[in-house]
Structure formats: structure tokens, C-alpha cells
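Enquirer: the amino acid sequence is not available; the structure is as follows:
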């Protein structure tokens, strides 16, 4: 099948297919005598695998590692497990950060009404009040 049909069947753009080919996620397809790529059904499966992996937060580099395991005849399950464990840790960290931020925003909003009007040199009294309290932790802290 030609690249346009592969794109349609797999739900990715032709540009993405060419990119994946250029970084080694897709093997070089057979070429027709006129030089067109001729993809078989296995490319649809591989692209679906890549897209599913990305939806799980797996990077293209990690996907490539997983595919290399298979090409060596090895099961990538232990590697995938460690990647997914890392994803879960990142999600848990982000959820803690978001919960902290939510608490801070709730506090700032609840204090909004009694605040005096902003001075001429103040852009926003709510943000200034939060800054003065120094209650917002820098991004990336636990």
C-alpha cells in the first residue's frame, strides 16, 4: 500500500510516517520500481503500537528501545514495566504538585474579597498578596 493509505488506516499523517522512518521506528519499506514506498499490513500494526505507547506517555525513544528488544528476539516486558513505573511516579508527583497548587489557589480566591484595592504600582492585588505570603513553592518541588 502507498503511504497515503497507510496514513489513513493508521490514523497518522504521511509526514509522521516519514519522520518515524527517518528515526528508525519504522523499517525501510520495499520500494516500487518507480521509487514509491510499498508498505504491508505490518506497518499498520507497528504504527498502532507506537500510537498506543505514546498515549500511555511512553516517549519515542522508549518505543524504539521496546522495538529493539523484539528485533533481538527478546521480550521487552521488564523494560516496559520499568518505563510504566516511571510514568506512574511522574503522574503521582504531578498530582501532588497540582493538589498543592489547588490548595494555594483556593486560599488565594477565598482571601480575595477582603483585600484592599490595588495600589497604582500593583498589577494584581491577588498575585501580590500570594507573593507576599511566599506560599507558592517553585515548580518541580515535592
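Expert: Nice, I can see it. Just so it is clear, the structure is predicted and the values come from calculations on it, not from any experiment.
Enquirer: and residue 92, what's its pLDDT?
Expert: Model confidence at residue 92, given as pLDDT, is 97.
Enquirer: and it, what element?
Expert: helix 77-110 (DSSP states H and E).
Enquirer: quick one: list the elements packing against that helix.
Expert: helix 60-71, helix 125-133 (3 or more C-beta pairs under 8 Å, 6 or more residues apart in numbering; DSSP states H and E). Glycine gets a C-beta too; all of them are placed from N, C-alpha and C.
Enquirer: which of the ones you listed comes out lowest on mean pLDDT?
Expert: Note on the helices and strands packed on helix 77-110: helix 125-133 shows the lowest mean pLDDT, a mean of 72.
Enquirer: give me the buried stretch members for stretch 35-48, please.
Expert: 37, 39, 43-44, 46-47 (16 or more other C-beta atoms under 10 Å).
Enquirer: quick one: end-to-end length of that stretch, please.
Expert: By C-alpha to C-alpha, to the nearest Å, the extent of stretch 35-48 from end to end equals 25 Å.
Enquirer: and the contacts of it?
Expert: The set of residues external to stretch 35-48 that reach it, using C-beta atoms under 8 Å, 6 or more residues apart in numbering, is 1-3, 5-6, 9-12, 17, 20, 25-26, 29-32, 67.
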